[in-house]
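Q: Following is a predicted model, sequence given first.
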Amino acid sequence: MDELNRRLADVFGFRECFAVCGQTYPRKVDSRILNLLSSLGQSCHKMATDIRLLQHDRQLEEPFGSQQIGSSAMAYKRNPMRCERICSLSRYLISDAVSGAMTASTQWLERTLDDSAGRRISLPEGFLCADAILRLAQNVVSGLSVNERIIEGTVQEYLPFIATEDLLMEAVKRGGDRQTLHETIRTCSMEAAARMKAEGVLDLSERIAARPEFGMTRAELDALLQPDRYIGRCREQVERFLEQVKPRLAGAGEADADIPV
């Protein structure tokens, strides 16, 4: 019988047989498949959410057609409709995995007849939904706009706050007391943030440079406020990641910005 099963499986293109199998295969397989699709949905939802947040700040923009309508009421709007759709479909795909888990966990002894109706919906719809999400994601990333000037302005606006740890360490190297310097940065930061909210003026650098306990001129302080000092290992990490995924992407074809979405 085992040999017969092996030969039948080979005819249908299956490389292996289940070690123990009765009238049906274990429904845990369906659950694993749906969990994989759910994982895809989770990643795409995270990506689309980040893009939506950054588009809200005008740092990134998903593709927008020349004749596209952003809002039927407000003509100026450029809503991230593709990313919104990715998030909506991804939520469905994530929830779809629950069906497989419930079916796998409620099989009586070998099985009951409630194992088939749900899977005939959840499995095909899961794959169709995943396909739609990936098509949308491909369209978004192939035509993503990066507004470098907006990003530069945001970096410059918040850089003095980001750099305070380096400023603290530099001042300590010059003989300053860490606790005193920390309190100075804290009070200066709170005051600068309050003025920025009330008046739209950021003067944190001026406040710190004016404090004698730091022992730094404005020029020395500005030298520490260079954006490329605060990117960490981003470049190396991205390059290494791309090298890892390139073999998997080989043969996948070029991203097509004209895929219907």
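A: Noted; the coordinates are in hand.
Q: Please name the residues that touch the residue nearest in space to the middle of the chain.
A: The structure's the chain has its C-alpha centroid closest to residue 47; by C-alpha atoms, centre = their mean the separation is 3.1 Å. Residues in contact with residue 47 (C-beta atoms under 8 Å, 6 or more residues apart in numbering) are 86, 137. C-betas here are computed from N, CA, C, even on glycine.
Q: That one: which element?
A: When secondary structure is defined using DSSP states H and E, the element that contains residue 47 is helix 28-56.
Q: helices or strands next to the next helix or strand after that helix in the packing?
A: Going down the chain from helix 28-56, the next helix or strand is strand 60-61, by DSSP H and E. Using 3 or more C-beta pairs under 8 Å, 6 or more residues apart in numbering; DSSP states H and E as the contact definition, the elements that strand 60-61 packs against are helix 28-56, strand 145-146.
Q: Show me where the stretch 151-261 of the chain has its helices.
A: Shown for the stretch 151-261 of the chain, the helices assigned by DSSP state H, counting those that start in this stretch span residues 164-173, 178-199, 204-209, 218-224, 234-249.
Q: Show me the domain layout of the chain.
A: The chain resolves into domains spanning 27-64+76-146, 151-230 when parsed by automatic domain parsing.
Q: pLDDT of the longest one, averaged?
A: I take that to be domain 27-64+76-146. The predicted model gives domain 27-64+76-146 an average pLDDT of 93.
Q: just stretch 218-231 next, same as before
A: Computed over stretch 218-231, the average pLDDT equals 88.
Q: Regarding that stretch, how distant is the last residue from the first?
A: By C-alpha to C-alpha, to the nearest Å, the extent of stretch 218-231 from end to end equals 23 Å.
Q: got the buried residues for it?
A: Neighbour-count burial for stretch 218-231, with 16 or more other C-beta atoms under 10 Å as criterion, is recorded at 221, 224-225.
Q: Out of the domains of the chain, which is the most enclosed?
A: When neighbours are counted by mean count of other C-beta atoms under 10 Å, the highest per-stretch mean among these falls to domain 27-64+76-146, a mean of 17.
Q: and that domain, how far apart are its ends?
A: End-to-end distance for domain 27-64+76-146, by C-alpha to C-alpha: 45 Å.
Q: With adjacent residues omitted, what lies nearest to residue 201?
A: Spatially, and ignoring its direct neighbours in sequence, residue 201 is nearest to residue 195 (5.6 Å; C-beta to C-beta, 6 or more residues apart in numbering).
Q: For stretch 81-90, list the C-alpha coordinates in PDB.
A: Listed in PDB are the C-alpha atoms of stretch 81-90, where the atom choice follows Å, rounded to 0.1, in the frame of the first residue of the first chain:
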ATOM      1  CA  MET A  81      -5.500  55.100  -2.300                       C
ATOM      2  CA  ARG A  82      -3.300  52.100  -3.300                       C
ATOM      3  CA  CYS A  83      -1.600  51.800   0.100                       C
ATOM      4  CA  GLU A  84      -5.000  52.200   1.700                       C
ATOM      5  CA  ARG A  85      -6.300  49.300  -0.400                       C
ATOM      6  CA  ILE A  86      -3.200  47.200   0.500                       C
ATOM      7  CA  CYS A  87      -4.000  47.800   4.200                       C
ATOM      8  CA  SER A  88      -7.700  46.900   3.700                       C
ATOM      9  CA  LEU A  89      -7.000  43.700   1.800                       C
ATOM     10  CA  SER A  90      -4.200  42.800   4.200                       C
END
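Q: and that stretch, how far from the chain's centre?
A: Relative to the centre of its chain, stretch 81-90 is centred 13 Å away, using C-alpha atoms, centre = their mean, to the nearest Å.
Q: Contacts for it, please.
A: In this structure, residues lying in contact with stretch 81-90 by C-beta under 8 Å, 6+ apart are 41-42, 44-45, 47-49, 51-52, 55, 62-63, 70, 129, 132-133, 136-137, 139-140, 261.
Q: what do you get for stretch 170-181?
A: Among residues not part of stretch 170-181, those counted as contacts by C-beta under 8 Å, 6+ apart are 168, 213-216, 224.
Q: my guess is residue 130 meets residue 43, correct?
A: No: taking contacts as C-beta atoms under 8 Å, residue 130 lies outside contact range of residue 43: 11.1 Å.
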